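Student: need the 3D shape of this:
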Amino acid sequence: MAVVPLMRFVLLLLPALLSGCASTPEVTRSAPAAANGHVVPYALSLQGVPYVWGGASPAQGFDCSGFVQHVYRRHGIDLPRTAREMASKLPEVPKHCRLPGDLLFFRTDGRSYSHVGIYIGNESFVHASSSHAGVMISSLSKPYWLSRFLGVRRPHSRYRLPDDAMAAADHRQRTQRRGHP
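Tutor: Below you'll find the model as predicted:
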């Protein structure tokens, strides 16, 4: 009967498939450090903020890495400033193990790691786009993004800000919203 060899094959293959995520380094198996239900909703709330090269705040606008850095800093994680630096410092995650809050990296201008966005689930990510409406949602399954996709990285607690730095960042954020420098 052909079912028995097939079942044996499936039973032998199943542990290998299930261990795919488990064989990654310890830090990458945990959820993104700040993805406690607040990072993605906050990132999505910034849709429509204009793209500004070098921008790193809702008041001045964002470039892609300034957007990601701002979102994570707001949630206590201090990431490097550029997409390239983020990619070099954060642990890699297999594409099939990505979670909402993970960072997606792309080659958009011929250089490696020239664009970054935040994965939000359902093959979509939020990012600051220079060629469209600023902060927006895009589909990872679109040919443009698929052909430029480089990998996934996961922010982690190593970059957590101390509590006093968090208080200062919150104060700056509230002051900027009121229109003060």
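
Student: CA atoms for contacts and neighbours, from now on please.
Tutor: Fine.

Student: got the contact list for Asp102?
Tutor: Pro32, Ile118, Tyr119, Val152, Arg153, Arg154, Pro155 (C-alpha atoms under 8 Å, 6 or more residues apart in numbering).

Student: can you redo those residues as TSV with distance to His96?
Tutor: Below are the contacts of Asp102 laid out as TSV (distance: C-alpha to C-alpha, whole Å):
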residue	distance to His96
Pro32	15
Ile118	15
Tyr119	12
Val152	10
Arg153	12
Arg154	13
Pro155	17
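
Student: confidence score at Gly37?
Tutor: On pLDDT, Gly37 comes in at 75.

Student: what's around it, how many residues?
Tutor: 10 (other C-alpha atoms under 10 Å).

Student: where does the chain have low pLDDT?
Tutor: Scanning the chain for pLDDT under 70 picks out the ranges 1-36, 157-181.

Student: now the strands: where do they sit in it?
Tutor: Applying DSSP state E to the chain gives strands spanning 56-57, 61-62, 92-93, 103-106, 115-121, 124-129, 134-139, 149-153.

Student: I'd like those strands as TSV, with distance to Ser45 and mean neighbour count appended.
Tutor: Formatted as TSV, these follow (distance: least, C-alpha to C-alpha, whole Å; neighbours: other C-alpha atoms under 10 Å):
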stretch	distance to Ser45	mean neighbour count
strand 56-57	13	20
strand 61-62	14	24
strand 92-93	26	21
strand 103-106	17	25
strand 115-121	12	25
strand 124-129	10	25
strand 134-139	9	21
strand 149-153	22	21
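
Student: of all those strands, which lies closest to Gln47?
Tutor: Taking C-alpha to C-alpha, strand 134-139 is the member of the strands of the chain nearest to Gln47, at 4.6 Å.

Student: so what touches that closest one?
Tutor: With C-alpha under 8 Å, 6+ apart, strand 134-139 has contacts from 44, 46-52, 61-62, 123-129, 145.
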